[in-house]
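Chemist: How does the following fold in three dimensions:
(2 chains)
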There are 2 protein chains.
Amino acid sequence: MALKYLTQKIAQTIDEELMSQAGGFSIDQLMELAGLSVAQAVSKIYDKSNFSRVLICCGPGNNGGDGLVAARHLFHFGYKPNIFYPKRTKKELYQRLVTQCENLKIPFTDDLSEQLLQNDLVLDAIFGFSFSGEVKAPFDHVIQKLKETRLPIASVDIPSAWDVEKGNIGNRGFTPSMLISLTAPKLCAKQFNGTHLLGGRFVPPELERKYGLNIPPYPGTEQVIDITNLLKEKL
Amino acid sequence: MALKYLTQKIAQTIDEELMSQAGGFSIDQLMELAGLSVAQAVSKIYDKSNFSRVLICCGPGNNGGDGLVAARHLFHFGYKPNIFYPKRTKKELYQRLVTQCENLKIPFTDDLSEQLLQNDLVLDAIFGFSFSGEVKAPFDHVIQKLKETRLPIASVDIPSAWDVEKGNIGNRGFTPSMLISLTAPKLCAKQFNGTHLLGGRFVPPELERKYGLNIPPYPGTEQVIDITNLLKEKL
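Modeler: This next block holds a predicted model:
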């Protein structure tokens, strides 16, 4: 049974179910586990001896929140994260996630161009499965910069600016080196041939069956699984 | 520099600082990371091929919450947890943690004696660093049963019924096979000579320095570190 690629609507429905009264999860919990899996995925592929400086580009929503959590865990794993977070939300959770990073002295930066010269890797946590429509300012500029950089880019959930289902329409986005899908890959990931990891080890089997996700078994106690070869075998 | 053993007051102060406005953490986040580290610690020492059935005994407070989170992660790691949770709190977080376990079909049981015959390991998540005074019903009975069992017991944060600082006074508690200290060991752990792991990889270096914790470096991306030999070397 092949791993399922999710439509935007199914991805949103699963997220809502997990956080409904029946699902019982808080966004704090799910974002913590998602961000931790992102940090573990990065450390699996980009060893800190060669990629210690990680520029984390955070968008205004949940994908950006995953990035903030990942930044914190990457710090604890021995990386040197820098955060570019140009459009902050006032929601209490996000303010707390920022505080947690500030308490680790993780630098927040406004100068993306300069940072792209001073880091080894970009973590793209700009847009996730809720994204639709056009890329608005200031992120149009940010996406352009990421299209131009020669640094490897690891994208959280979807490559930012890609359509969640149709992929890199109009070539408006970039192609990351690595994709970290959360819960299950989205349809756009069918167009992605790079290193592909899956995170979000919290889906109850009943929910998995209901949506036919066919998530492969995670190894040991890890929060992330490399599905690159699994997907190639299915082609 | 030796790892610091905490007084009850310092343990409480650190917890409060982490969850203060200045610390920025929610209890959902910290409990998720604590419970995950407990589950990882259990899986390191008690392989699921020999210890698949884990009876998780949960107390009424945060230690019990850590146990509920650990039960969920143990399930995802392939264990078969059973939960004994005789005194539930009505706090919303705990109700949600119960729902999350129920959605995994983890059995909740009322019959401790029977369960002690049908499991391979006990996870003691009854009392943590906030415990003081006498052991009240129904936990006096529970502790007596755990004193009598021949199953290995892994205790979360402190062995339940031990005084947080003075240890197993009046021999009122049991000696677990394994202790999983969270954040830093408490003073009572000086009396413990078994397998000792440390979890809770979320302490900012500034806080660590402020309280002189001297936490050893965690390996890789793990949420837990085995400090058994480290402590023996210091003797």
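Chemist: for the residue nearest the centre of chain A, what are its contacts?
Modeler: Computing the C-alpha centroid of chain A and ranking residues by CA atoms, centre = their mean puts A:Val156 first, at 1.6 Å. Contacts of A:Val156 were listed using CB atoms under 8 Å, 6 or more residues apart in numbering or on different chains, and they are A:38, A:63, A:66-67, A:70, A:123-125, A:128, A:180, A:182. Backbone N, C-alpha and C define where each C-beta goes, glycine included.
Chemist: repeat that for 7 Å
Modeler: A:38, A:63, A:66-67, A:123-125, A:128, A:180 (CB atoms under 7 Å, 6 or more residues apart in numbering or on different chains).
Chemist: ok, which pair from the residues you listed is furthest apart?
Modeler: A:Leu123 and A:Gly128 (12.9 Å; CB to CB).
Chemist: Please identify which of these two sits among more neighbours.
Modeler: Using other CB atoms under 10 Å in any protein chain shown, the more surrounded residue of A:Leu123 and A:Gly128 is A:Leu123, with 32 against 25.
Chemist: Tell me which residues are up against the helix or strand of chain A with the lowest mean pLDDT.
Modeler: Using mean pLDDT, DSSP states H and E, helix A:228-234 stands out as the lowest-scoring helix or strand of chain A, at a mean of 76. Contacts with helix A:228-234, where a contact means CB under 7 Å, 6+ apart, come from A:2-3, A:195-196, A:216.
Chemist: Return the members of the residues you listed classed as buried.
Modeler: Buried by 16 or more other CB atoms under 10 Å in any protein chain shown: A:3, A:195-196, out of those.
Chemist: if we can go back for a sec, what about the residue nearest to the centre of chain A, distance to A:Leu36?
Modeler: Remark: distance between A:Val156 and A:Leu36 (CB to CB, to the nearest Å) = 12 Å.
Chemist: With A:Leu230 instead?
Modeler: As judged by CB to CB, A:Leu230 and A:Leu36 stand 22 Å apart.
Chemist: Would you mind telling me which of these two has the busier surroundings?
Modeler: Set A:Leu230 next to A:Leu36 and count neighbours by other CB under 10 Å: A:Leu36 wins out with 27 against 14.
Chemist: And whichever helix or strand that one is part of, what does it pack against?
Modeler: Taking DSSP states H and E as the definition, A:Leu36 sits inside helix A:27-45. Judged by 3 or more CB pairs under 7 Å, 6 or more residues apart in numbering or on different chains; DSSP states H and E, the packing partners of helix A:27-45 are helix A:8-19, helix A:62-76, strand A:178-182, strand A:195-199, strand A:224-226, helix B:27-45.
Chemist: pLDDT on the helix or strand just after it, on average?
Modeler: Proceeding N to C from helix A:27-45, the next assigned helix or strand is strand A:53-58, under DSSP H and E. Here strand A:53-58 scores 98 as its mean pLDDT.
Chemist: Summarise which helices and strands strand A:53-58 is packed against.
Modeler: helix A:62-76, strand A:80-84, helix A:112-118, strand A:121-125.
Chemist: Highest mean neighbour count out of these?
Modeler: strand A:121-125 (a mean of 29; mean count of other CB atoms under 10 Å in any protein chain shown).
Chemist: does any part of that one sit near chain B?
Modeler: No. Figure legend: strand A:121-125 not in contact with chain B (CB under 7 Å from any CB of the partner chain); closest approach 14.9 Å.
Chemist: Could you tell me which residues of chain A lie near chain B?
Modeler: A:23-26, A:28-29, A:32-33, A:39-40, A:43, A:76-77, A:96, A:99-100, A:103-104, A:201, A:204, A:206, A:221.
Chemist: List only buried entries from the residues you listed.
Modeler: A:23-26, A:28-29, A:32-33, A:39-40, A:43, A:76-77, A:96, A:99-100, A:103-104, A:201, A:204, A:221.
Chemist: Tell me which residues are up against the helix holding A:Leu36.
Modeler: A:18-19, A:54, A:62, A:65-66, A:69-70, A:73-74, A:77, A:93, A:123, A:154, A:156, A:178, A:180, A:182, A:195, A:197, A:199-202, A:222-224, B:26, B:28-29, B:32-33, B:221.
Chemist: ok, now stretch A:172-185?
Modeler: A:3-6, A:14, A:34, A:38, A:41, A:45, A:124, A:135, A:143, A:146-147, A:152-157, A:159-162, A:168, A:189, A:192, A:194-200, A:203, A:213, A:215.
Chemist: Same question for stretch A:1-21.
Modeler: By CB under 7 Å, 6+ apart, stretch A:1-21 touches A:23, A:25, A:27, A:30, A:129-130, A:164-165, A:183-187, A:189-190, A:207, A:211-216, A:227, A:230-231, A:234.
Chemist: same deal with stretch A:145-155?
Modeler: Outside stretch A:145-155, the residues touching it (CB under 7 Å, 6+ apart) are A:42, A:112-113, A:116, A:119-124, A:174, A:176-180.
Chemist: Identify each buried residue in it, please.
Modeler: By neighbour count on 16+ other CB under 10 Å, the buried set for stretch A:145-155 is A:145-146, A:149, A:151-155.
Chemist: What of stretch A:53-63?
Modeler: In stretch A:53-63, counting by 16+ other CB under 10 Å, buried: A:54-63.
Chemist: same question, stretch A:191-198
Modeler: The neighbour-count check on stretch A:191-198 (16+ other CB under 10 Å) flags A:192, A:194-198 as buried.
Chemist: quick one: which of those is nearest to chain B?
Modeler: When these are ranked by distance to chain B (CB to the nearest CB), A:Leu197 comes first, at 12.7 Å.
Chemist: Not counting sequence-adjacent ones, nearest residue to that closest one?
Modeler: Closest residue in space to A:Leu197, ignoring its immediate chain neighbours: A:Ala41 at 4.2 Å, by CB to CB, 6 or more residues apart in numbering or on different chains.
Chemist: what about the one you found, how many neighbours?
Modeler: Residues near A:Ala41, counting by other CB under 10 Å, number 30.
Chemist: Please apply the same query to A:Pro86.
Modeler: By other CB under 10 Å, 18 other residues sit near A:Pro86.
Chemist: Look at it and tell me its secondary structure.
Modeler: Using DSSP: H, G, I helix; E, B strand; the rest coil, the structure places A:Pro86 in coil.
Chemist: That one and chain B, how far apart?
Modeler: 21 Å (CB to the nearest CB, to the nearest Å).
Chemist: swap in A:Ala137?
Modeler: In this view, A:Ala137 and chain B are 29 Å apart by CB to the nearest CB.
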